[in-house]
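In: my questions are about this predicted structure, shown below with the sequence.
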Amino acid sequence: MPGIGAFKQRLPQREDALPGRAQELPLHNRHFVNGQPLRDAFVGLARVQFGMGCFWGAERKFWTVPGVVTTAVGYSGGYTPNATYREVCSGQTGHTEAVLVVYDPKQVAFEDLLKVFWESHDPTQGMRQGNDAGTQYRSAIYCEDESQYQTALASRDAFQVKLREAGFGDITTEIPEPPAPVFYYAEDEHQQYLAKNPMGYCGLGGTGVSCPIGVV
């Protein structure tokens, strides 16, 4: 479709977004890798949502981190309730592809998760990540509380210094004030995709710049 690339570089207005649906998409509520639930109350645990390009590769970055209890992929930061993958890819939902990371703060620090986030993609690319272009590939951190939010902002500012020293531009990562937006679980086929399809596509690539977490 002519112009579709340019169209997908800007977020829709709420009134122009697709209507979506009230019913949640079907979900096999068990992590393919570690057997933990994907959807739960997660009592005593913390959570955060990260957007960093295609969520297949992004999710794999986090399920391997010690202290992370479970992960799931979905759509967040937009308007359309219970959107489908096809709808999100249209650029008409406002969502970005996101990873829900549920972790035990007694076993892994939020700063450690932020380090994985910053170093695993290029947060200076706006509405794209590598060859993947569109609003659904934008970088984002959706925090659950003020402590996470302030820590995320501080890490962004510290990493920005290092990126400029390395010749990169401004960070475009979306970090809105908490609470985090609703996380809409993606279709089953996308959950833990690269564990189910080891040769599957992963377009993630970092900048090679080390994030100075702990030196903020």
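Out: Received it, and whenever you're ready, just let me know what you need.
In: and the residue positioned nearest the centre of the chain, which of the three is it?
Out: Closest residue to the average C-alpha location of the chain: residue 51 at 2.1 Å, with C-alpha atoms, centre = their mean. Judged by DSSP: H, G, I helix; E, B strand; the rest coil, the three-state class of residue 51 is strand.
In: residue 24 now?
Out: Here residue 24 is recorded as coil under three-state DSSP.
In: contact partners for it?
Out: When contacts are counted by C-beta atoms under 8 Å, 6 or more residues apart in numbering, residue 24 touches 82, 184-185. (Glycine included, C-beta is placed from N, CA and C.)
In: could I get the buried residue list for stretch 120-130?
Out: Along stretch 120-130, these residues count as buried under the neighbour rule (16 or more other C-beta atoms under 10 Å): 120-125, 127-129.
In: just stretch 137-149 next, same as before
Out: For stretch 137-149, a neighbour-count test (16+ other C-beta under 10 Å) marks 137-143, 148-149 as buried.
In: confirm residue 48 sits in a strand?
Out: Yes: residue assignment for residue 48, taken from three-state DSSP, places it within a strand.
In: what's the spacing between it and residue 27?
Out: Using C-beta to C-beta, to the nearest Å, one gets 20 Å for the distance from residue 48 to residue 27.
In: more neighbours: the two, which one.
Out: Counting neighbours by other C-beta atoms under 10 Å for residue 48 and for residue 27 shows that residue 48 has the greater number, 24 against 16.
In: for the more buried one, give the beta-bridge partners.
Out: residue 101 (DSSP bridges).
In: read off the pLDDT value for it.
Out: In the predicted model, residue 48 carries a pLDDT score of 98.
In: for residue 199, same thing?
Out: Predicted confidence (pLDDT) for residue 199: 85.
In: of the buried residues of stretch 137-149, closest to residue 69?
Out: residue 148 (16.3 Å; C-beta to C-beta).
In: ok, the closest one to residue 177 distance?
Out: Distance, residue 148 to residue 177, using C-beta to C-beta: 11 Å.
In: list the contacts of the stretch of helix or strand residue 150 belongs to.
Out: Following DSSP states H and E, the helix or strand that holds residue 150 is helix 146-165. Around helix 146-165, the neighbours that count as contacts under C-beta under 8 Å, 6+ apart are 46, 48, 110-111, 114-115, 118, 123-124, 141, 143, 169-171, 173, 175, 177-178, 207, 209-213, 215-216.
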